[in-house]
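> Structure of the sequence below:
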Amino acid sequence: MARPTTVAAKYAHLVAHADRVAQVAYALELLSAEWSTRLLEAALAALERAPVEALVPAARPVLRALYDRLDANGPRTDAGGALRAAIVRLLQRLACPADTDILARAAMTFEFQPPGPEEVAAMLRASGLAALHAIDEALAASYAVRLLGDTYTSPMSGEPALTAARVLAAQNRWLPLYAYTVDAGRRHSEVLSECLRALVRLPAPLLADLVDRYADGNDELALVGLFDLILEHPDGEAHAGRLATFLRDTQLYGAYRYLCTLIVARRHVTLLPALIALADEEHDPLKWEPLAEALSLLSGSCRVDAALRCLRTRIERAQQ
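You can find the predicted model right below:
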């Protein structure tokens, strides 16, 4: 059978392989010589689907060489870094400490495209940092602190700051996360939420300061992180009344739904009775359904079942 010569034929030949070992071998052959984005994407995807034992030891030198080739002129050969991010994920799977040079380089890659120009490599930095964390936690922590408050955090995804927050939280390195929550600069809501929920070792007076800072705000993602923090923190019970007030007064219905579900999931001894009592007292129709959904997780209790009947009657009447 003649070897394929066109991009379309090579792509068809790659995806048609039923033999996983042969497909990996052909994918590595393509990665060594091709420039077509379509072929490189398909070959990398084939490697990502393959078991790791099929990649060792042949894949590492091919992947490293391809990364260097793409990185030589990233904005032109790999705009946005998607191909390099796929390489980084594969190197992470291979878990070789000798690859930390490329992973660290990925974590600090900044590339700009017009108009603007706009920085476009946030996901590559996030992938590099996540891979570093899997291979060298101490090194990853240093890069995570660098990236947590970086100016070029994506306003859409929050990356790589979001990954940085998760890396630091996983390592129980909470001081940089606390610093992010009190920084006077502009913060990304999802990153802020991730930082808040990780601060379970924060001293009680500083917890009270954060509650005062965020409990009355309108950022629902930040509130979600704050709720997790209060219900997990050893001194969080002191702020249960603040959460009860939120349940009664808020019109932030997404955060309300989350808090109702969280209270039920944790069977919170103080807030759960208050939540059940709301079934009789709540006059905001937009709160009835999320409250009923949360309480339905506890159905079977006489008190809860009575509260659910009350809520469902109100909901049915409102729908008529």
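> neighbours of the nearest residue to residue 253 once chain neighbours are set aside, just the number please.
Spatial nearest neighbour of residue 253, chain neighbours left out: residue 286 (5.5 Å); criterion: CB to CB, 6 or more residues apart in numbering. C-beta coordinates here come from the backbone N, C-alpha and C atoms, glycine included. Residues within reach of residue 286, counting by other CB atoms under 10 Å, total 11.
> buried residues in the strand or helix carrying residue 286?
Counting by DSSP states H and E, the element that carries residue 286 is helix 285-295. For helix 285-295, the neighbour count (16 or more other CB atoms under 10 Å) marks 287-292, 294-295 as buried.
> by contact count, what packs against that helix?
The helices and strands touching helix 285-295, judged by 3 or more CB pairs under 8 Å, 6 or more residues apart in numbering; DSSP states H and E, are helix 253-266, helix 271-281, helix 302-319.
> again, only this time at 10 Å
Packing contacts for helix 285-295, counted by 3 or more CB pairs under 10 Å, 6 or more residues apart in numbering; DSSP states H and E, involve helix 240-249, helix 253-266, helix 271-281, helix 302-319.
> follow-up on the earlier one: which ones are touching the residue nearest to residue 253?
251, 253, 256-257 (CB atoms under 10 Å, 6 or more residues apart in numbering).
> Need the max-distance pair from those.
251 and 257 (12.4 Å; CB to CB).
> Which one's more surrounded, those two?
Set residue 251 next to residue 257 and count neighbours by other CB under 10 Å: residue 257 wins out with 18 against 10.
> With adjacent residues omitted, what lies nearest to the more buried one?
Residue 257 sits nearest to residue 290 (CB to CB, 6+ apart), 3.8 Å away.
> Can you give me the domain assignment for this protein?
With domains defined by automatic domain parsing, the chain comprises 90-173, 174-249, 250-320.
> and these, which is most packed in?
Most buried of the domains of the chain, by mean neighbour count (mean count of other CB atoms under 10 Å): domain 90-173, with a mean of 20.
> shaky segments in the stretch 101-250 of the chain?
Along the stretch 101-250 of the chain, no part satisfies pLDDT under 70.
> what's the closest of the domains of the chain to residue 21?
domain 90-173 (16.5 Å).
> how far out from the middle of the chain is that closest one?
Centroid separation for domain 90-173 versus its chain: 13 Å, with CA atoms, centre = their mean, to the nearest Å.
> again with stretch 201-212
With CA atoms, centre = their mean, you get 25 Å for stretch 201-212.
> before we move on, what SS does residue 56 have?
Assigned by DSSP: H, G, I helix; E, B strand; the rest coil, the conformation of residue 56 is coil.
> Show the contacting residues for it.
Applying CB under 10 Å, 6+ apart, the residues near residue 56 are 93-96.
> So for it, what pLDDT did the model give?
Residue 56 is assigned 89 on the pLDDT scale.
> is it true that residue 54 touches residue 17?
No. Assessed by CB atoms under 10 Å, residue 54 is found out of contact with residue 17, at 12.0 Å.
> follow-up on the earlier one: need the residues touching each of residue 251 and residue 257.
286-287.
> Okay, and the residue nearest to residue 195 when sequence neighbours are not counted sits in which element?
Spatially, and ignoring its direct neighbours in sequence, residue 195 is nearest to residue 177 (4.1 Å; CB to CB, 6+ apart). For residue 177, the element it lies in under DSSP H and E is helix 175-182.
> re earlier: let me know whether the residue nearest to residue 257 touches residue 260 as I believe.
Yes. Under the criterion of CB under 10 Å, residue 290 makes contact with residue 260 at 5.6 Å.
> contacting residues for the closest residue to residue 274 other than its chain neighbours?
Among residues not flanking residue 274 along the chain, residue 244 sits closest, at 4.9 Å (CB to CB, 6+ apart). Residues near residue 244 by CB under 10 Å, 6+ apart: 259, 263, 270-271, 273-275, 277-278.
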